[in-house]
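# compute the structure for the input listed below.
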Amino acid sequence: MRRACADITINICYGLYVVVSTGGIDSLLIILSYSLILRTVLGLASPRERIRALNTCVSHILAVFVFFIPGITMSMIHRFGRHLPHIVHALVAYVYLMVPPVLNPIIYSVKSKPIREAMLRVLR
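Numbering: from 1, shown residues only. Have a look, this model is predicted:
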């Protein structure tokens, strides 16, 4: 579009609006649903049940962050990072494509006690 002989400001603004509104609506719905989940979890009688439910919520929230943050970063760099070297664009794209699939199994497997203990032994 930069090669066009016309002003592309409206295209840039529209693209930014779509990214921000989509991310904003998604974030709003996620916050709303997790606030309802948190209200229900805090109403549970047993503290052990509360901890189990909150552990599940934490892993889901981490998975959402691992997916959204590289996507939003990639979108913003694509839109506003014209002055950045091409290697930055490629690196952010690779992070977006590789990090969420790699971290998803790790996030969800850390919930099991044997895997968590084995990972702690390896890290120590």
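
# and residue 24, how close does it get to residue 114?
Distance of residue 24 to residue 114, given as CB to CB, to the nearest Å: 40 Å. (Each C-beta comes from the backbone N, C-alpha and C, glycine too.)

# what about stretch 17-25, average pLDDT?
For stretch 17-25, mean pLDDT rounds to 83.

# how about it: buried residues?
residue 19 (16 or more other CB atoms under 10 Å).

# for that stretch, the distance to its chain's centre please.
How far stretch 17-25 lies from its chain's middle: 14 Å, per CA atoms, centre = their mean, to the nearest Å.

# tell me the pLDDT at the nearest residue to residue 96 once chain neighbours are set aside?
The shortest distance from residue 96 to any non-neighbouring residue, by CB to CB, 6 or more residues apart in numbering, is to residue 70 (4.1 Å). Confidence at residue 70, expressed as pLDDT, is 85.

# do the same with residue 3
Residue 3 is given a pLDDT of 67.
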